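Engineer: generate a structure from the sequence data that follows.
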Amino acid sequence: MHTKSDIIDALSTFIHQRPGLEFGNYGDISSYRSEMRSITKDLHHARELLQAVAWRDNITADDIIAATQGGRLTIEPTARGFRINYTTGQYFPTEYRRAVASLLSSLLWSQWRGYFAEPTGDLIRATARRELSRSVVRRWFN
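Structural biologist: You can find the predicted model right below:
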């Protein structure tokens with residue numbers, strides 16, 4: 001039986017892999033470094049969201065797997081845990097961490113929606129502002 005912590009570990013391993021940017025795809029060092037900063041920021045956001053999902057007991061392994069249905073990011077059980085697969089849209093190095101952050105922010109949004117008798121986007125965003133960094137809220141909850 002696989003657990004939520006197995007999925008969290010697999011997602012963590014996935015977001016911590018090297019992006020594999022190819023310098024030849026960029027015209028100069030400035031644009032290359034700019035892209036690297038953006039990718040690193042995506043890593044920080046994905047880490048924070050992963051932590052927020054990890055400590056919420058009411059988000060289960062089944063919830064996480066169900067949230068990937070029909071998307072580019074899939075989670076497949078294996079004999080030793082889970083394998084994370086991502087189908088690239090344009091360029092893998094700039095997308096894979098964002099895909100995880102998007103999945104996790106969606107899970108949190110769904111959970112927070114259940115807190116309120118009459119949920120509104122404003123109430124959910126206020127909850128996100130109380131629990132997450134300003135940078136993550138601005139990017140994933142606006």
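
Engineer: got any ranges where the chain has weak pLDDT?
Structural biologist: Along the chain, the model assigns pLDDT under 70 to residues 1.

Engineer: tell me where it has helices.
Structural biologist: Using DSSP state H, the helices found in the chain span residues 4-15, 29-54, 61-67, 92-113, 121-131, 134-140.

Engineer: chain center to the first one: distance?
Structural biologist: Spelled out, that is helix 4-15. Relative to the centre of its chain, helix 4-15 is centred 11 Å away, using C-alpha atoms, centre = their mean, to the nearest Å.

Engineer: just the residues contacting that helix, thanks.
Structural biologist: For helix 4-15, contacts defined as C-beta atoms under 8 Å, 6 or more residues apart in numbering pick out 43, 46-47, 50, 53-54, 59-61, 64-65, 75, 81-84, 86, 96-97, 100, 104. (Each C-beta comes from the backbone N, C-alpha and C, glycine too.)

Engineer: make it 7 Å
Structural biologist: Here helix 4-15 makes contact (C-beta atoms under 7 Å, 6 or more residues apart in numbering) with 43, 46-47, 50, 54, 60-61, 64, 75, 81-84, 97, 100.

Engineer: show me what contacts the residue positioned nearest the centre of the chain?
Structural biologist: The chain has residue 101 as the residue nearest its centroid, 2.0 Å off, counting by C-alpha atoms, centre = their mean. Applying C-beta under 7 Å, 6+ apart to residue 101 gives the contacts 42, 45-46, 49, 140.

Engineer: how much space separates it from residue 138?
Structural biologist: Distance, residue 101 to residue 138, using C-beta to C-beta, to the nearest Å: 13 Å.

Engineer: then residue 99?
Structural biologist: Per C-beta to C-beta, residue 99 is found 19 Å from residue 138.

Engineer: please say which of the two ends up with more neighbours.
Structural biologist: residue 99 (23 against 12; other C-beta atoms under 10 Å).

Engineer: surely that one touches residue 84?
Structural biologist: No. Between residue 99 and residue 84 there is no contact under C-beta atoms under 7 Å: 9.4 Å.
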